[in-house]
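Q: predicted model follows, preceded by the sequence.
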Amino acid sequence: MTHIYNFSAGPAVLPKEVLAQAAAEMLDWHGSGMSVMEMSHRGPEFISIYKAAERDLRELLAVPDNYKILFMQGGGLSQNALIPLNLAGHKPQPATIDFIHTGSWSAKSIKEAAKYANVNVAASSATSVPPQSEWKLTPGAAYLHMCTNETIDGVEYDFDSGVPASQEGVLLVADMSSHILSRRIDVSKYGLIFAGAQKNIGPAGVTIVIVREDLLGKALPACPSAFDFKLVADNESMYNTPPTYGIYIAGLVFQWLKQQGGVAEMERRAIAKAKLLYDALDASDFYETRVAKSNRSRMNVPFYLKDESKNEAFLAGAKARGLLQLKGHKSVGGMRASIYNAMPIEGVQALVDYLNEFASSAGAGK
Ligand SMILES: *Cc1c(COP(=O)(O)O)cnc(C)c1O
């Protein structure tokens, strides 16, 4: 079989080593005689898996001691409701939540939050992060929500320019679903960070919430108990049954990340992979990209063929070479290559070779 490279935006590629280990441990985890799927979440075996996963994630992201890490269910999207339900209660009701709108996922967050609070769109663009000087923040807002990597549109915050880290006195909430663990972050700058697992962590079904302790305990009365961050935190994510198998796989991914050199090494690789791909797209007249250069995502690279009548031929040729799931999101069309932590640079090189070859053969009218 041809070597397969999977460019899916999510659920997405996982490290081969992790899948092989999970396969080897499938029927009998560490001599327990059980699959991880069959274990009680309160038994010593699973508790050890859980504690290792929590500890390793805390180490990888240098999460300070006054933050809780929650392993929840419901996906990234459910957090759009759960975060207002948990955090808006710190302000007189109805509270106001500020949003930076940078694409499809911000839009969904804004729509959902409006059920629970007043929302203010402080700045908006789908091809860049508007400069901080233009943000129209609400004095006394409950928090400022931002999606630091827009998976569909390919807009990523340029953290080096100080955004979002320099928002003094503003409580920051960040949706990092599609780039968590791909770059170093200063967790202490945020009130809450969340991420669905199925992009850069593990299988769908686990949602990571990293929340500062002093923000717990003010949930609105309508908040379901199983999603009250304080109850989840007090019960170490076991107020109800957590997604045990997903947590186990996430834990294996965290171990893999540590073996590879941690987040700093992932960031180095992400910069190299993104440069390789964007340089090839920039060098060709055949393709175009639409995001401002300073906000180009290192994880999700949307691009377009200038002649869109060749889209189907492009995708068929890619598939024949084992380059899978390159079709862009249906809402924006075109192509998208997601190049998460588990995508080796060889996969990006194979894509670049194909981009060049397709452009020259199509350009030559073949
Ligand atoms: C995938 C994604 C989500 C939603 O995840 P679900 O698990 O489908 O709810 C939210 N935000 C971002 C940025 C994403 O990439």
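A: Cool, got the structure.
Q: residue 68 touches residue 216, doesn't it?
A: Yes - at 7.2 Å, residue 68 and residue 216 qualify as touching, with contact defined as C-beta atoms under 8 Å. The C-beta positions use only the backbone N, C-alpha and C, and glycine is treated the same way.
Q: and those two? Which one has more around it.
A: Regarding residue 68 and residue 216, a neighbour count based on other C-beta atoms under 10 Å identifies residue 68 as having more, with 22 against 19.
Q: what's the helix or strand containing the more buried one in contact with?
A: For residue 68, the host element (DSSP states H and E) is strand 67-72. With C-beta atoms under 8 Å, 6 or more residues apart in numbering as the test, strand 67-72 has contacts from 50, 53-54, 57-58, 63, 187, 206-213, 216, 227, 229, 232-233, 237, 242-243, 247, 250.
Q: in its sheet, which strands sit next to that strand, and in what direction?
A: Partner strands and pairing direction for strand 67-72 (DSSP bridges) are strand 207-212 (antiparallel).
Q: host element of residue 106?
A: Judged by DSSP H and E, residue 106 forms part of helix 104-113.
Q: so does the strand holding residue 68 get close to the ligand?
A: No - figure legend: strand 67-72 not in contact with the ligand (C-beta under 6 Å from any ligand atom); closest approach 10.8 Å.
Q: quick one: the strands in this protein?
A: 5-6, 67-72, 96-101, 118-124, 143-147, 149-150, 155-156, 172-175, 192-196, 207-212, 287-288, 300-305, 323-324, 335-338 (DSSP state E).
Q: residue contacts, residue 6?
A: Contacts of residue 6 by C-beta under 8 Å, 6+ apart are 12, 13, 324, 325, 343.
Q: ok, and of these, which contact the ligand?
A: Cross-checking the contacts of residue 6 against the ligand (C-beta under 6 Å from any ligand atom) gives no overlapping residues.
Q: closest to the ligand among those?
A: Checking those against the ligand by C-beta to the nearest ligand atom gives residue 12 as the nearest, at 9.7 Å.
Q: run a quick neighbour tally on the closest one.
A: Neighbours of residue 12 (other C-beta under 10 Å): 23.
Q: and what of residue 52?
A: Counted with other C-beta under 10 Å, residue 52 comes out at 15.
Q: mind listing what the residue nearest to it when sequence neighbours are not counted touches?
A: Nearest non-adjacent residue to residue 52, counting by C-beta to C-beta, 6 or more residues apart in numbering: residue 251, 5.6 Å away. Listed by C-beta under 8 Å, 6+ apart, the contact partners of residue 251 are 49, 50, 52, 53, 56.
Q: wait, what's in contact with the residue nearest to the last one when sequence neighbours are not counted?
A: Excluding its sequence neighbours, the residue lying closest to residue 56 (C-beta to C-beta, 6+ apart) is residue 254, at 3.8 Å. Counting by C-beta under 8 Å, 6+ apart, residue 254 makes contact with 53, 56, 57, 60.
Q: out of those, who's nearest residue 171?
A: Using C-beta to C-beta, the shortest approach to residue 171 within these belongs to residue 57, at 22.1 Å.
Q: from the ligand, how far off is the closest residue to the closest one other than its chain neighbours?
A: In space, and not counting its chain neighbours, residue 57 is closest to residue 254: 5.5 Å by C-beta to C-beta, 6+ apart. Relative to the ligand, residue 254 is positioned 19 Å away (C-beta to the nearest ligand atom, to the nearest Å).
Q: and the protein, which residues reach the ligand?
A: 10, 75, 76, 77, 105, 147, 151, 175, 177, 178, 196, 199.
Q: per-residue confidence at the second one?
A: Reading off the per-residue confidence, residue 75 sits at a pLDDT of 95.
Q: send the alpha carbons of whichever helix in the chain runs longest over as CSV?
A: Secondary structure of the chain per DSSP state H: the longest helix is helix 262-283. Only the C-alpha atoms of helix 262-283 are listed here, as CSV (Å, rounded to 0.1, in the frame of the first residue of the first chain):
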residue,chain,number,x,y,z
GLY,A,262,7.7,18.4,24.5
VAL,A,263,5.9,21.5,23.3
ALA,A,264,9.0,23.5,22.5
GLU,A,265,10.0,20.8,20.0
MET,A,266,6.4,20.6,18.6
GLU,A,267,6.6,24.4,18.1
ARG,A,268,9.9,24.1,16.3
ARG,A,269,8.5,21.4,14.0
ALA,A,270,5.3,23.3,13.4
ILE,A,271,7.2,26.3,12.3
ALA,A,272,9.3,24.2,9.9
LYS,A,273,6.3,22.3,8.5
ALA,A,274,4.2,25.5,8.0
LYS,A,275,7.0,27.3,6.3
LEU,A,276,7.6,24.4,3.9
LEU,A,277,4.0,24.4,2.9
TYR,A,278,3.3,28.2,2.7
ASP,A,279,6.5,28.8,0.8
ALA,A,280,5.4,26.3,-1.9
LEU,A,281,2.0,27.9,-2.1
ASP,A,282,3.4,31.4,-2.3
ALA,A,283,5.9,30.4,-5.0
